[in-house]
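Chemist: When you get a sec, could you give me coordinates for this:
(chains A and B)
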Amino acid sequence: MIRQRANERVVITGMGVVCPLSNDVETFWQALLSCKSGIGKTTIFDASTYPTTFDAEVKNYDAAAYTKNPVLHQHANRGSSFAIGATVQACKQAGIEVEASEPTDGIDRNKLGIYIGAGEGSVDNDVFFAALVAGWDAQENKMDWGEWTKIASSRMDPMHELEQEANMPAAHIAMLTGARGPTRNCLTACAASTQAIGEAMTLIRRGDVDAMITGGAHSMIHPLGLTGFNRLTALSTRNDSPETASRPFSASRDGFILGEGAAIVILESLSSAKKRGVKILAEVTGYGSSADAFRVTDMHEEARGPIQAMNAALTDAGISYKDIDYISTHGTGTVENDSVETIAIKAVFKEKARKVPASSIKSMLGHLIAAAGAAELITCVLAIRDNIVPPTTNLTDPEPALDLDYVPNKPRKIPVNIVMSESFGFGGQNNVLIIKRF
Amino acid sequence: MNSARVVITGLGAISPLGLTVNDMWAGLCAGKCGITKITAFDPVGFNCKLAGQVPDYKIKDYVPKTYRKATKLMSRDIELAVIASKEAVVNSGLITKGIDSDNVNIEPTRTAINLGAGLISCDLEEIAPAVAKCVTDGKFDIHKWGKDGIEFITPLWLLKYLPNMLACHVGIIHDIQGPSNTITCAEASAHLSIGEAAEIIVRGDSDIALAGGAEAKVNPIVMIRQCLLKRATSENNDDPDRACRPFDADAKGSVFGEGAGVVVLENLDNANKRNAKILAEVVGIGQSNNINPAYERLEPDGKGVRIAIEKAMADAQIGIDDLDLIIPHGTGILADDLAEARAIEAALGQKAHKIPVWPIKSMVSNTGAASGALDIIAMVCAMKEGKIPAAKNFDRKTEGCNLNIVTQPQQGDIRYALCCSYTYCGQTAAIVLKSIKEETKS
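Modeler: Have a look, this model is predicted:
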């Protein structure tokens, strides 16, 4: 029977990040507390004529520095390559050996699983566009597939094509760590990595595994990705001032900033962590998931789905909204998200809504899409560790209806013991996690 | 601690064998092949010119009137998921908002959805004219594209290709407000989705879940990838019926196709309370990882598949003698078929040589993220009917494969059945189902 076998407590024992603000956790955290911005002109490709000409890019990163076997990972797309670095960092902190033929870290590989919320990789842009140019027959107004195929079949690299699959980061992580436990990748848009971490937690609770390598990885900074988001008018077009463009909860907010990166955490059963004697960074105590089931284009006006997911997470953790010290918001900086999210927080937190600090690090980091929630979760752990909450920067012109405590413009020292982290995705995907001081 | 039992109460399938589960089952029983020459585009220059394509349909026939406008935002992958989901819901006897909004009998917040989806390619024919306008000296000019080209792209273009939109559209149509997830693990997606949906019911977060997978692989870029990776067969282009040959000595590769399979999973108590017709019980789930430096292939000893099977059998708490049917992933890629055969043997031992093994991709093609769901639906049909149809294109056992591939149709009770899955890039899964006849005995 697929019965629940256990009811294990789940703790975090390792964290790693590769993101626009830094390629290690501590520098990332210090950058957030110093209100630094990871946002700047697009350099990965020539976006100079797009409606949006800036983004949040990973800088000075080389995946080869993290592996003894770079050839094995040479075809990795940007998201996968970021996942490699973040995984190695997280494993190192958790005392999980990588690239070890016979690991001595006390983790049975059959009970080590992987659950990533990773996005797809970019198409091979040169070949993709060249094949379309060759294949389009303007006179006949249709594709000449013979001409398209000539370019596609001669110039496409099979491994580059394969590496676009969204399950590739998980494949690279498996090759690095030897994990043979349950392995999944979910892709629920901007809510993916929060969902991955939540589902990974349930696998440990059930007793299926002792530890999970989980989190997110994604880069949509490529010609088609930027096209898609620009056409949706989801991105800020404040091209003259990239560093102040991400304005969650401001009256002048005009969209999110496309970012990229990977964030990986090691979840472990409390008994395994204790047995191995590793440092416990925090405990994951609640997870809630829901769907708006409203429209694919818009969030439900009354925040039906987010409210349900937030309440489900609180119930799962066995706590009340009154116990939450800090909310890491989804806070994208789009007009719609920030309004609906504020409505949701008011509905769930009632009389406490204006008192609980609720900030958005996307103001500095940009939006890592599938990887966003995992990066934010890491900051929640650090907020608990250091009793300080990161700010929402660029919040100089509040909107009257958005009247919560968004921790404007500077970090705040307060006691932080229990945190709620929220992620919402296109199509009405809502996922919420609760983490707690251990 | 929860200990809910999870049963299957509804099936929906659209496949190259037809628009319904009955069409697929009848085709499988008749040894029909759904693979034909590609008609969706001209496959000139393709090594493999074959695919499993679903019969014509009108998507507007499958959505409520109020939702017809939204079909403009549906890629073919989404359409297939919507069609199979509708059949599964109707088949289960559940009444959702999308079936009859006045007589709904589900609790939307207690209902989950979990679908497997593929790497959805954009419609090349749609984007090509815009790209072709942005050319300087015969080459694509990104300056022109950023300035003018993208204006030709319809504003909501991206929403057609996000993999979670399958579950989102289905969820909106049927008003499913509980946990919603989309698993993107290529050919293992549907197994992982069904497994996760069962877990969600077991842990008490939902009473009912729609789970399965859908993918429309008959797109030039998707198909050429499989050709370049040498996973697609380049033989038998003139004889589509014989092209896909799982476990056969003449297997030369897989044939890819399109489809969707969706099952309704339900907490047993919930199903009993509403007197639902129970089709099978999900009793075992196992998942693992294939770790191979050549990650487009299964590792030669099939270790990741073996671990998944062993876990699923342990989960089901049954012996190997209890298994009366195995549906393998069986793609027709010789090295992968052999590795899977080794995995099944290693997991089940000598007894594996006697258990009937029925691969179906020779008939339904390899539908990627949908493939596992079609396999599981075929398995439920076989258990329900007490019948295992014959494998197709299995003429001569490939050396090294010691499985008992079914060459003649068989009748008889199927007490427990095992369905295996794996994918390029690693993930493996196995699911054990228990027949409902066995259920009434225990």
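
Chemist: ranges for the helices of the stretch 151-300 of chain B?
Modeler: Using DSSP state H, counting those that start in this stretch, the helices of the stretch 151-300 of chain B run over residues B:165-174, B:189-202, B:220-228, B:268-273.

Chemist: now do the stretch 301-438 of chain A
Modeler: For the stretch 301-438 of chain A, applying DSSP H, counting those that start in this stretch gives helices covering A:304-317, A:335-349, A:362-365, A:372-386.

Chemist: any idea how far residue A:361 is from residue A:87?
Modeler: Residue A:361 sits at a distance of 21 Å from residue A:87 (criterion: CB to CB, to the nearest Å). For glycine as for every other residue, the C-beta is placed from the backbone atoms N, C-alpha and C.

Chemist: The two: which is more packed in?
Modeler: Of the pair residue A:361 and residue A:87, residue A:87 is the one with more neighbours under other CB atoms under 10 Å in any protein chain shown, namely 31 against 28.

Chemist: How about the contacts made by the more buried one?
Modeler: The contact partners of residue A:87, by CB atoms under 8 Å, 6 or more residues apart in numbering or on different chains, come to A:16, A:98, A:172, A:173, A:176, A:177, A:213, A:262, A:264.

Chemist: Repeat that for residue B:267.
Modeler: Under the criterion of CB under 8 Å, 6+ apart, the neighbours of residue B:267 are B:4, B:5, B:6, B:7, B:201, B:207, B:208.

Chemist: Format those residues as JSON lines; extra columns: neighbour count.
Modeler: Formatted as JSON lines, those follow (neighbours: other CB atoms under 10 Å in any protein chain shown):
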{"residue": "B:4", "neighbour count": "21"}
{"residue": "B:5", "neighbour count": "21"}
{"residue": "B:6", "neighbour count": "25"}
{"residue": "B:7", "neighbour count": "28"}
{"residue": "B:201", "neighbour count": "27"}
{"residue": "B:207", "neighbour count": "21"}
{"residue": "B:208", "neighbour count": "29"}
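
Chemist: Out of those, name the ones that lie in strands.
Modeler: In strands, defined here by DSSP state E, the members of the contacts of residue B:267 are B:6, B:7, B:208.

Chemist: from these, which single one is nearest chain A?
Modeler: Relative to chain A, the closest of the ones in strands among the contacts of residue B:267 is residue B:6; by CB to the nearest CB it sits at 6.5 Å.

Chemist: which of the helices of the stretch 301-438 of chain A sits most buried?
Modeler: helix A:362-365 (a mean of 29; mean count of other CB atoms under 10 Å in any protein chain shown).

Chemist: Show me what that helix packs onto, helices and strands only.
Modeler: Helix A:362-365 makes packing contacts with helix A:25-33 when contacts are defined by 3 or more CB pairs under 8 Å, 6 or more residues apart in numbering or on different chains; DSSP states H and E.

Chemist: so what does the helix it packs on touch, helix or strand wise?
Modeler: Taking 3+ CB pairs under 8 Å, 6+ apart as the contact cut, helix A:25-33 packs with strand A:10-18, helix A:362-365, helix A:372-386.

Chemist: Would you confirm that residue B:299 contacts residue B:288?
Modeler: No. Taking contacts as CB atoms under 8 Å, residue B:299 lies outside contact range of residue B:288: 11.1 Å.

Chemist: The two - which one has more neighbours?
Modeler: Between residue B:299 and residue B:288, counting by other CB under 10 Å, residue B:288 is the more crowded of the two (30 against 23).

Chemist: so residue B:378 touches residue B:27, yeah?
Modeler: No. The criterion here is CB under 8 Å, and residue B:378 misses it with residue B:27 at 10.1 Å.

Chemist: Which one's more surrounded, these two?
Modeler: Higher neighbour count among residue B:378 and residue B:27: residue B:378, with 29 against 20, using other CB under 10 Å.

Chemist: who's in contact with the nearest residue to the more buried one once chain neighbours are set aside?
Modeler: Distances taken as CB to CB, 6 or more residues apart in numbering or on different chains place residue B:360 nearest to residue B:378, at 5.4 Å, with adjacent residues excluded. Residues in contact with residue B:360 (CB under 8 Å, 6+ apart) are B:28, B:327, B:330, B:374, B:375, B:378, B:391.
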